[in-house]
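Colleague: Let's see this in three dimensions:
(4 chains)
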Protein chains: 2
Amino acid sequence: MSRNATLKDVAERAGVHPGTASRALNPETRSLVSEGTVRRVLQAAKALAYTPNPMARSLKTNRTMMVGIIVPDLANALFPPIVRGADSVLTPGGYLSIIAETDNDAAREREIFDALLARQVDGLIIASARREDEAVREAADRHLPVVLVNRRDDSARLPAVVGDDTDGVEQAVRHLVDLGHRRIGHLAGPAELSTGIQRARAFRQCMHELGGDLDPALIVSCRVYSEEEGARAARELFDTAVPRPTAVLAGNDQLAVGLYEFLRERGLNVPGDVSVVGYNDMPYVDKLSPPLTTVRVPHARIGAEAARILLRRLVDDVSDATTVSLPVELVVRGSTAARR
Amino acid sequence: MSRNATLKDVAERAGVHPGTASRALNPETRSLVSEGTVRRVLQAAKALAYTPNPMARSLKTNRTMMVGIIVPDLANALFPPIVRGADSVLTPGGYLSIIAETDNDAAREREIFDALLARQVDGLIIASARREDEAVREAADRHLPVVLVNRRDDSARLPAVVGDDTDGVEQAVRHLVDLGHRRIGHLAGPAELSTGIQRARAFRQCMHELGGDLDPALIVSCRVYSEEEGARAARELFDTAVPRPTAVLAGNDQLAVGLYEFLRERGLNVPGDVSVVGYNDMPYVDKLSPPLTTVRVPHARIGAEAARILLRRLVDDVSDATTVSLPVELVVRGSTAARR
DNA sequence: GTGAAAGCGCTAACAC
DNA sequence: GTGTTAGCGCTTTCAC
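Modeller: Coordinates of the predicted model:
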C-alpha cells in the first residue's frame, strides 16, 4: 500500500551487504553472522520498521505460507468453529488462512480449488468433500498437502479428521431405546456425503443390535442438509411408515429443525408424541422449543487437529492418509422423552 | 505445490520471446501483438496449463490482488453474509479475500491489521471498527484503501457502509407505539460501538417524538453484544424501572435472546406481558418462541456495496469518505402485541 | 564472517 | 510487432 523499507535499506543502514542482513534477520542462519553484526542489523530493521516482502520471499523459497480452507457455507454454523480451530493452529505456525466458500456447488468447489492452487497456497483443508469429489481426487493424485475435515471422500487416500459418527449415532439410538422407543425413524443426510451415508449405516446397525424396529420405511433420505428438505423428508416419513415412529434421529440439526416445523404443522407434540434427536449441536438449537437433544461434535477441535496434521506434512514432511475420529457426546435436552 | 509451467516454457513452445508471450497473455497489451502470435501463445499456454505465478507478478506490479476482510467473529451469524456479499463482488473483480477474526479484541485487531498489511493486501474491509480504533485511525492517516462495514469509527474519515439505524429504530419504536406501548425499554449496545450509540440515540429521539415515556431508567447499557449481557441488562432494567416496561427494544438479536431468557425466568410472558423487538434478523430468531420481531439489516448488500466502493478506489482510484446507509426493514413476528 | 552474484517468474521501458 | 534488458525484494551458493 505504501512504500516500505526493503532489505537493502536495512543493509545500508547497518553498513553491511544485503546478503548479510538477510542471514542476520533469519533465525535459521543467524548463527553464521557475528554477534555484533546481528545486533546492528536487527537494530536497523527495527528503526526502519522493516517487514520482509512475502512476495519476494515466496518467489525465492517457493512457499507462500498460505493455507486454503474450503468450506461449503460459512452461514452454516457448523463451519466457523472449524475455521477458527484451524486458524488457531495455522496462525501461530506462521501460516495465513485463506477461506473460501463453495455454496455446496461441485463446480464452484472446482473453481476455488484451482484458484487457490494458482495462488500457490502451500496446503489445503477441505471441509466440502463429497464422497466422489473431483478436486479431492486430483489432490490425492498429485500428492498435494491436503487434509479433509468433517467429511471424507470414498477413496480415503487423504488424511481426514471427522467426528465419530458411529459412536454418535449409537449414543443417540441407545438413548431413545432406553426411553422405550422401538419404532425410530431416521432422516438420513445426503447419500453423496460421507456423514449422510455413515450415520445412516450406523443407524441401521444400531437398530439391529439394540432391538429397534427394522422397517425400511423408517429411513428416509434427504437430498441436501436444509430445513426445507428436513420438512419434506419428515412428511414422507410420517406418510409412509405405519404405524408412525415415536422417535426420529435427524441426520443433522438443520433437518431436525425442518422436522420440528413439520411436526408442529401436523399438530404432533415434541417430545410428547414424537421424540427428536439432532446432530452437531449447532448454536441456538438449545433455544428451540423444546430445546433439541443432539449429538455434539467438537468442530473447533476437528479444525485444529486437521491443521496440525497439515503442518506436520508442510513443516516436517510427515504424511499418512489416516482418518482421525474425534469423540462426540450426546447432549440431552427437552426434545426426547419416554415413550408413552 | 508442484512444478508449474512458467512464462518461459510457454514462450519457448510458441517460439517467441517471454516478453512477447507476456503481452499476448495480458488482455490489456494483447493488441500490441500480431494475431497469429497471440493465437500460438494462447495455444501453448493452454497446452501447458499455464497459470501465471501471482508472486512474481505481484513483485513486479506491487499489487497482490488480495483484499483483507476483518470481522469480529465468524460465529456471529451477522458476519458471514457480509463476507459473502463482499466476496461476491471481489471474486469477479479478480481479487481474493483474506478473512480474519479479531475475537472482539482490540489488540488482536491490531495484530491482524499489521499482519494483513505485511502480506501486502491491496485493500481492507473492516467490520470490527470501534468508535475509537487505532487500526482505523492509522488506515486513515496513511490513506490506505479501507472501507468500514456495519460499524463506523468516530473520525468518519473513511468510507463506510452501514444499515440505517435511525430508520430501523424508528420503525421499531413506531410499531410498539402503534400497539399502545408508551413505557418502552431499551437494551443499548456497547457505547464503544457506533451501532450501540447510534441506536440508543435514535431511540431517545423517537421516544421523544412519538410520545413515549422518557424515564432514563428505561435505557440500560450493555458492555458487549452477547446473550449473557442481554440477560444481565434485562435484570437491571426490570429491577430499576418502576413501573416496569411493557415493551423492550434490544440493541441486537443476541441481547434480545438474553432478554427472552430473563423474562422466562421471571415468569413474564412474551408478548403477553412484555413485547420484544430485536435488531439484525439473525438466522433462527424466527425459530424462537415466540418468533422474534426484529429489524432486518441487509448484511449481504452491505458487504457487496463495501466491496464495490473498495474496488472503485483500487481500480479507478476514486475515493470519497462518505457513509452509505442502506435501508432496513421491520419484520413483525410473534414477540410483539398490543399492550393489555 | 561477509561480500558478490545469480536467479525465482514476471512486467515494462526501450530498442530495433 | 517483437526481442532485449533491467529489475521488483529476497535467499543462497560460491568466493574470499
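Colleague: So which residues on chain A come close to DNA strand C?
Modeller: A:15-20, A:23, A:32-34, A:36-37, A:56, A:59-60 (Cβ under 7 Å from any atom of the strand). Bear in mind the C-beta positions are built from the backbone N, C-alpha and C, glycine included.
Colleague: Grab the two from the residues you listed that are most spread out in space.
Modeller: The most widely separated members of these are A:36 and A:59, with 31.0 Å between them, by Cβ to Cβ.
Colleague: next one: stretch A:12-26 to chain centre, how far?
Modeller: 43 Å (Cα atoms, centre = their mean, to the nearest Å).
Colleague: does it come close to DNA strand D?
Modeller: Yes: on the criterion Cβ under 7 Å from any atom of the strand, stretch A:12-26 is in touch with DNA strand D at A:18, A:19, A:22, A:23, A:25, A:26.
Colleague: and what of stretch A:91-101?
Modeller: No: for stretch A:91-101, no contact with DNA strand D is found by Cβ under 7 Å from any atom of the strand; the gap never falls below 12.3 Å.
Colleague: Mean confidence (pLDDT) on that stretch, please.
Modeller: For stretch A:91-101, mean pLDDT is 95.
Colleague: ok, now stretch A:108-123?
Modeller: When pLDDT is averaged along stretch A:108-123, the result is 95.
Colleague: what's it in contact with?
Modeller: Stretch A:108-123 is contacted by residues A:58, A:63-68, A:70, A:95, A:98, A:100-102, A:124, A:128, A:133-135, A:138-139, A:144-147, A:310, A:313-314, B:1, B:51-55, B:96 when judged by Cβ atoms under 8 Å, 6 or more residues apart in numbering or on different chains.
Colleague: Recalculate using a threshold of 7 Å.
Modeller: Residues outside stretch A:108-123 that contact it (Cβ atoms under 7 Å, 6 or more residues apart in numbering or on different chains) are A:58, A:63-68, A:70, A:98, A:100, A:102, A:124, A:128, A:134-135, A:145-146, A:310, A:313-314, B:1, B:51, B:53-55, B:96.
Colleague: Next: stretch A:190-200.
Modeller: Under Cβ under 7 Å, 6+ apart, the answer for stretch A:190-200 is A:130-131, A:151-152, A:165, A:169, A:186, A:188-189, A:219, A:221-225, A:251, A:279.
Colleague: okay but residue A:246 is in contact with residue A:181, surely?
Modeller: Yes: taking contacts as Cβ atoms under 7 Å, residue A:246 lies within contact range of residue A:181: 5.1 Å.
Colleague: Overlap of the contact sets of those two?
Modeller: Joint contacts of residue A:246 and residue A:181 (Cβ under 7 Å, 6+ apart) are A:275, A:339.
Colleague: Spell out the residue ranges of the helices in the stretch 101-250 of chain A.
Modeller: For the stretch 101-250 of chain A, applying DSSP state H, counting those that start in this stretch gives helices covering A:106-118, A:134-141, A:165-178, A:194-210, A:227-240.
Colleague: Which one of these lies nearest to residue B:335?
Modeller: Judged by Cβ to Cβ, the one of these that comes nearest to residue B:335 is helix A:227-240, at 20.3 Å.
Colleague: What distance do you get for the residue in the stretch 201-340 of chain A that DNA strand C sits nearest to to residue B:36?
Modeller: Residue nearest to DNA strand C within the stretch 201-340 of chain A: residue A:314 (19.1 Å; Cβ to the nearest atom of the strand). Computed as Cβ to Cβ, to the nearest Å, the residue A:314 to residue B:36 distance reads 44 Å.
Colleague: re earlier: got a quick ChimeraX command for the buried subset of the residues of chain A next to DNA strand C?
Modeller: Of these, the buried ones go into a single ChimeraX selection, burial set by 16 or more other Cβ atoms under 10 Å in any protein chain shown:
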select /A:16,20,23,33,37,59
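Colleague: contacts with chain B among the residues of chain A next to DNA strand C, please.
Modeller: A:56, A:59 (Cβ under 7 Å from any Cβ of the partner chain).
Colleague: Next one: residue A:273 from chain B, what distance?
Modeller: The spacing between residue A:273 and chain B, counted by Cβ to the nearest Cβ, to the nearest Å, is 18 Å.
Colleague: Ignore what I typed, I meant residue A:199.
Modeller: Computed as Cβ to the nearest Cβ, the residue A:199 to chain B distance reads 23 Å.
Colleague: pLDDT wise, what is that residue at?
Modeller: Each residue has a pLDDT score; the one for residue A:199 is 98.
Colleague: Which single one of the residues of stretch A:12-26 next to DNA strand D is nearest to residue B:336?
Modeller: residue A:25 (61.9 Å).
Colleague: Surely the closest one and residue A:46 touch.
Modeller: No: here residue A:25 does not reach residue A:46: they are 10.8 Å apart, not a contact under Cβ under 7 Å.
Colleague: Poorly predicted segments of chain A, please.
Modeller: Chain A contains residues with pLDDT under 70 at A:1-3.
Colleague: secondary structure element for residue A:324?
Modeller: Residue A:324 is located in strand A:323-326, with elements delineated by DSSP states H and E.
Colleague: now residue A:290
Modeller: Residue-wise, residue A:290 maps onto no helix or strand under DSSP H and E.
Colleague: same deal with the one 5 residues further on?
Modeller: Assignment of secondary structure by DSSP H and E places residue A:295 within strand A:293-296.
Colleague: now for that strand, which elements pack on it?
Modeller: Helices and strands touching strand A:293-296, by 3 or more Cβ pairs under 7 Å, 6 or more residues apart in numbering or on different chains; DSSP states H and E, are helix A:165-178, strand A:275-280, strand A:329-331.
Colleague: Please report the number of neighbouring residues for residue A:160.
Modeller: 26 (other Cβ atoms under 10 Å in any protein chain shown).
Colleague: now swap in residue A:95 and tell me
Modeller: Residue A:95 has 24 neighbours, counted by other Cβ under 10 Å.
Colleague: My guess is it contacts residue A:65. True?
Modeller: Yes: assessed by Cβ under 7 Å, residue A:95 is found in contact with residue A:65 at 5.3 Å.
Colleague: follow-up on the earlier one: right, and the helices and strands packed on strand A:293-296 - which one's nearest chain B?
Modeller: Nearest to chain B among these is strand A:275-280 (12.6 Å), distances taken as Cβ to the nearest Cβ.
Colleague: Give me the contacts around that closest one.
Modeller: By Cβ under 7 Å, 6+ apart, the list of residues contacting strand A:275-280 reads A:78, A:168, A:172, A:176, A:179, A:181, A:199, A:246-253, A:256, A:259-260, A:270, A:285, A:292-295, A:297, A:335-337.
Colleague: What of stretch A:85-99?
Modeller: With contact meaning Cβ under 7 Å, 6+ apart, stretch A:85-99 is reached by A:65-69, A:71, A:83, A:116, A:121, A:125, A:299-304, A:306-308, A:311, B:96, B:98-99, B:119.
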